[in-house]
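Asker: missing the sequence, but the structure's below:
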């Protein structure tokens with residue numbers, strides 16, 4: 001069993017804004033991270049569980065050092081990392097994307113960018129192109145590759161990783177172009193309300209799901225084993 005701590009920086013500091021004030025009037029409030037991390041490590045040990053700290057985005061170097069000291073797994077995403085997964089560190093959870101980021105199909109086809117444009121969100125088009133180019137280069141993909149092929153290739157790359165835990169997104173194996181959650185929206189996007197296009201029972205017999213599972217199971221094992 002495992003526990004994922006969302007926005008693990010929240011154990012160290014949070015930005016507080018006085019009620020009724022503007023954001024510029026806020027300040028960072030430090031938390032007793034030493035005690036909080038020690039409690040987290042103790043309870044994980046008692047439960048026989050691993051812990052993943054979501055350390056994506058702006059994270060102080062000292063935070064990652066404190067997490068590593070207690071063997072809290074880091075986070076590594078194919079979309080964000082400049083190195084191939086084979087070069088990632090073992091003490092991490094490896095994934096292609098998250099609920100807040102584009103799916104493989106949405107990124108590859110440009111559907112995710114189109115939605116962001118339509119919603120007036122000012123998408124990072126250059127960053128998206130860079131990810132697509134990196135994925136195509138690492139995976140040897142043709143520009144006109146079908147999304148299902150790209151999904152299999154992306155997870156084949158992820159399987160190269162020595163990370164102790166690897167995850168697969170159901171939206172990807174169902175080749176869904178929409179992301180589950182669109183940051184920066186409230187009611188402009190059906191956040192957390194988009195159903196998979198097929199029942200889970202059909203995914204269990206899906207050739208693409210089986211191919212992705214085979215890729216993941218054939219990947220290297222990190223020291224001490226790996227969960228998938």
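Answerer: Received, thanks. Because the structure is a prediction, the values reported are computed rather than measured.

Asker: is it true that residue 6 touches residue 52?
Answerer: No: Residue 6 is beyond contact range of residue 52, at 9.7 Å (criterion: C-beta atoms under 8 Å). (Each C-beta comes from the backbone N, C-alpha and C, glycine too.)

Asker: okay, those two: which has more neighbours?
Answerer: The residue with more neighbours, out of residue 6 and residue 52, is residue 52; 21 against 8, by other C-beta atoms under 10 Å.

Asker: secondary structure class for that one?
Answerer: Of the three states, residue 52 takes strand under DSSP: H, G, I helix; E, B strand; the rest coil.

Asker: Tell me, what's the model's pLDDT at it?
Answerer: Note on residue 52: pLDDT of 96.

Asker: ok, so what distance separates it from residue 164?
Answerer: 10 Å (C-beta to C-beta, to the nearest Å).

Asker: Identify the contacts common to these two.
Answerer: 73, 93 (C-beta atoms under 8 Å, 6 or more residues apart in numbering).

Asker: ok, the residue positioned nearest the centre of the chain - contacts?
Answerer: The centroid of the chain falls nearest to residue 98 when counting by C-alpha atoms, centre = their mean (3.5 Å). Residue 98 makes contact with 56, 77 under the criterion C-beta under 8 Å, 6+ apart.

Asker: Run through the helices of this protein in chain order.
Answerer: Assigned by DSSP state H, the chain shows helices spanning 33-47, 61-69, 104-109, 111-118, 125-139, 147-158, 170-173, 200-204, 207-218.

Asker: Span of stretch 196-210 from start to end?
Answerer: 17 Å (C-alpha to C-alpha, to the nearest Å).

Asker: Please spell out which residues along that stretch are buried.
Answerer: Within stretch 196-210, the residues that count as buried by 16 or more other C-beta atoms under 10 Å are 203, 206, 208, 209.

Asker: No further questions, thank you.
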